[in-house]
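Chemist: sharing a sequence plus its predicted fold:
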Amino acid sequence: MLKAIKKKRIVPYSSYQMFDLVDNIEQYSSFLPWCRKSHIHKRTDKEVEASLIVGFRGIDKTFSTRNTLERPREIKIQLIDGPFRSLNGLWSFSDINKRESEIQLNLQFEILISPLSHIFESFFEQIVNSQISAFEDRAKDLYSKTLKEMD
């Protein structure tokens, strides 16, 4: 069954800052608790192909995506390989003013049927539901000093 999740947040950071955080796949394992490892297979100015190993309760799953980049407006996510029948998503970033932007994540996915698919589906929903908060926390860690200096 196809699942759809939409998350939206207004953050005190620019669309460029938030885009760059989401696009910095190499750093995911340092701040996303469920990300065991990330690997970039190919990167250009407009596209990145990467794999993530995600883990939960001793179950690790690997999936690969092709992300189409339109800096700083959006990142389109398309499944290449993994434990999904389908996975498509869109991160969008829009400035509200010089110090705030709106970030939005729209994701549609369907897990392949397997003996552990119901566990992975529940885990993946938790990942998606926590993603914007995790990136917001990361932005706070990286950019809060910059914000204080601007005041």
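Modeler: Now that the structure is in, tell me what you want to look at.

Chemist: ok, Ile53 - how many residues close by?
Modeler: Burial measure for Ile53: 15 neighbouring residues, criterion other Cβ atoms under 10 Å. (Glycine included, C-beta is placed from N, CA and C.)

Chemist: let me know the helix or strand that it is in.
Modeler: Secondary structure from DSSP states H and E places Ile53 in strand 47-56.

Chemist: which neighbouring elements make contact with the very next helix or strand once past that strand?
Modeler: Next in sequence after strand 47-56, counting helices and strands by DSSP H and E, comes strand 59-70. In terms of contacts (3 or more Cβ pairs under 8 Å, 6 or more residues apart in numbering; DSSP states H and E), strand 59-70 is packed against strand 47-56, strand 74-81, strand 84-97, helix 117-150.

Chemist: excluding its backbone neighbours, what's nearest His41?
Modeler: Counting by Cβ to Cβ, 6 or more residues apart in numbering, the nearest residue to His41 once its immediate chain neighbours are dropped is Glu49, at 4.5 Å.

Chemist: residues in contact with that neighbour?
Modeler: Ile40, His41, Lys42, Arg43, Ser64, Thr65, Arg66, Asn67, Ile80 (Cβ atoms under 8 Å, 6 or more residues apart in numbering).

Chemist: how about 6 Å then?
Modeler: His41, Lys42, Arg66 (Cβ atoms under 6 Å, 6 or more residues apart in numbering).

Chemist: identify the bridge partners of the last one.
Modeler: Just to be clear, that refers to Arg66. With DSSP bridges applied, Arg66 shows beta-bridge pairing to Glu49, Gln78.

Chemist: check contacts around Arg71.
Modeler: Phe19.

Chemist: can we start the residue count at 322 from this point?
Modeler: Noted, 322 is the first residue going forward, which turns the last one into Arg392.

Chemist: lovely, talk soon.
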